[in-house]
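>>> structure, please.
(one chain, ligands or ions: 2)
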Amino acid sequence: MIIAPSLLAADFGKFAKETERIAKSGADWLHLDIMDGHFVPNISFGPQVVKALRPVTKMFFDVHLMCSKPEILLEPFAKAGASQMTVHVELGEQAVTQLLWKIKSLGIKAGLAVNPPTGIALAQRHLEQIDTLLIMTVNPGFGGQPFIFETLPKIQQAAVWRRDRKLRYHIEVDGGINNTTAAECARVGADAFVSGTALLANRNLGAAVRKMRKAVEEAGLKATSDKSATLQLI
Ligand code: DX5
Ligand code: ZN
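Ligands and ions are numbered 1, 2, ... in the order given. Now for the predicted structure:
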């Protein structure tokens, strides 16, 4: 189980300190939300910021590109120290195939994200190319939004494909993730959990990360011991 605090919920004036705090919390990945003001109606930060944070920690940098033209950003983010870059399936099949190929050729892990209104079927043809399938559980653009429960069957579908096709991609969820919604997602097959608002609000981030990890591990175990649960909702 991967716990990935999102820097979007941090104090923007203290990114280095917040990154250090996240690194010391025992979390697995640092989730970095890149917004271009076009693909989503908000702007966050770019490769320069990620480059400035790279010396702070060795932790896995999970870069989520909510951008209309990610092709111009892949090399800059690779150079800045991204460990994984995720692009959106909404960009279209041809663009996505090329983007994923380019990410892999840069020696970085590749992720594919699916927005709540987008059918999960669009991701199907890319599954063999990816390390992570990111199921958005809110409409991207802002932190602090409520979890959209209608996305749960997509997580299940992603888990069924992974099992049937013997693939190993992570199923990552992003948006409105707290201990309760994280457990719901784990129960249907998610194994990577992005959390901004719910995690970073805690003064004791280490304890909050441990709690979330326990919640998803228990829910995940319950799901494996009761395989029929996976089939119920489909
Ligand atoms: C939303 C971003 C998320 C965001 C999640 O557009 O992709 O990664 O940081 O924030 P919370 O956990 O506050 O919903
Ligand atoms: Zn994100």
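>>> all contacts plus neighbour counts: C-alpha atoms, from now on.
Fine.
>>> beta partners of A192?
A192 forms beta bridges with I2, E172, as assigned by DSSP bridges.
>>> any regions of the protein where pLDDT drops low?
Scanning the chain with the threshold set as pLDDT under 70 gives 225-234.
>>> not counting sequence-adjacent ones, nearest residue to G196?
Counting by C-alpha to C-alpha, 6 or more residues apart in numbering, S6 is the residue found nearest to G196 once chain neighbours are left out, at 4.5 Å.
>>> first-to-last residue distance for stretch 27-43?
Stretch 27-43 has its terminal residues 25 Å apart, counting by C-alpha to C-alpha, to the nearest Å.
>>> pull out the buried residues from it.
Applying a neighbour-count criterion of 16 or more other C-alpha atoms under 10 Å, one finds 27-36, 39-40, 43 buried in stretch 27-43.
>>> distance to S68 and secondary structure added to those residues, as TSV?
Formatted as TSV, these follow (distance: C-alpha to C-alpha, whole Å; DSSP: H, G, I helix; E, B strand; the rest coil):
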residue	distance to S68	secondary structure
A27	29	coil
D28	28	coil
W29	24	strand
L30	22	strand
H31	19	strand
L32	17	strand
D33	14	strand
I34	11	strand
M35	9	strand
D36	7	strand
F39	5	coil
V40	9	coil
I43	12	strand
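>>> close enough to count as contact, Q84 and L112?
No - counting by C-alpha atoms under 8 Å, Q84 does not reach L112; the two are 10.4 Å apart.
>>> of those two, who's got more company?
The neighbour comparison of Q84 against L112 (other C-alpha atoms under 10 Å) goes to L112, with 27 against 23.
>>> quick check: bridge partners of the more buried one?
Counting by DSSP bridges, L112 forms beta bridges with V87, L133.
>>> ok, it - contacts?
Listed by C-alpha atoms under 8 Å, 6 or more residues apart in numbering, the contact set of L112 reads T86, V87, H88, V89, A123, I130, T132, L133, L134.
>>> likewise V40?
M66, C67, P140, G141.
>>> need the strands for this protein, in chain order.
Counting by DSSP state E, the chain has strands at residues 2-5, 29-35, 60-66, 84-88, 109-114, 132-136, 170-174, 192-195.
>>> need the contact list for D131.
K109, A110, G111, R168, Y169, H170 are the contacts of D131 under C-alpha under 8 Å, 6+ apart.
>>> likewise for I148?
Shown in contact with I148 (C-alpha under 8 Å, 6+ apart): P116, T137, V138, G176.
>>> quick check on the residue lying closest to the last one once chain neighbours are set aside: phi, psi?
Spelled out, it's G176. Computed as C-alpha to C-alpha, 6+ apart, the closest residue to G176 that is not its neighbour in sequence is F147, at 4.2 Å. Main-chain dihedrals, F147, degrees, to the nearest 10: phi -60, psi 140.
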